[in-house]
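>>> Build the 3D model from these lines:
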Amino acid sequence: MRWLPLLLLPLLSACAPSTGVTIHNGTPGSLELKGLPDGPVVVDAGRLHRAGGIAKALSLVAKSTTGPDTFTVQLDLPPPGGEAVWAIGGKACFVEGDFSEYYNAPAEVPVKANVVARVPEGTETWVSKDAIAAGPGERLPAGSRGGGVRALVQVPCKAANSDPIARSWLEMVLPDIEPQ
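Numbers count the residues shown, from 1 in each chain. This next block holds a predicted model:
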């Protein structure tokens, strides 16, 4: 029976959220990103790319596919299951929301999303302090294992200017990120 925990460990770690990085291309043209664990990738203007499986601090380079522009960044390793953001040009905005009430409250009790952090316009890098269960564009997990359930949501930049507006936005987009 001593070997049973060893067999369960890979299953439990497979359920844990992947430590990731989200990159937003806020430039007018496509960028080729290098330094990601999933290899080089091209990100079009105004688009996001998320890479999971981050195991160390990152040195990233983004080079224009049509011109001489090059951008570089050093990102600290997020905590296990956490998320780092590189918003090239600082034109993308995000809100980290806590959705734990949706998992823990009885169905008849009104619940709300809570704002944990806002990433406003002009912020080029950000690293979460805790695990993120769903990155931008991802769905929340089907269940909760007791801890907080947080998601990082891309929002219009005006929504990242205050907690009440950010909370309203989180609750408005909840149907799009709810667990299946």
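>>> tell me the contacts of the residue nearest the centre of the chain?
The chain has G135 as the residue nearest its centroid, 3.2 Å off, counting by CA atoms, centre = their mean. Residues in contact with G135 (CB atoms under 8 Å, 6 or more residues apart in numbering) are 20, 22, 50, 83, 151-152. In short, each C-beta sits where N, CA and C put it, glycine included.
>>> how about the CA coordinates for the top helix by length along the chain, as CSV?
Secondary structure of the chain per DSSP state H: the longest helix is helix 163-177. Provided in CSV are the C-alpha atoms of helix 163-177 (Å, rounded to 0.1, in the frame of the first residue of the first chain):
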residue,chain,number,x,y,z
ASP,A,163,-12.9,47.3,-8.9
PRO,A,164,-16.7,47.9,-9.3
ILE,A,165,-16.4,48.1,-13.1
ALA,A,166,-14.0,45.1,-13.2
ARG,A,167,-16.4,43.1,-11.0
SER,A,168,-19.3,43.9,-13.3
TRP,A,169,-17.3,42.8,-16.3
LEU,A,170,-16.3,39.5,-14.6
GLU,A,171,-19.9,38.7,-13.8
MET,A,172,-21.0,39.7,-17.3
VAL,A,173,-18.4,37.3,-19.0
LEU,A,174,-19.0,34.5,-16.5
PRO,A,175,-21.3,32.5,-18.9
ASP,A,176,-18.4,32.4,-21.4
ILE,A,177,-15.9,31.0,-18.9
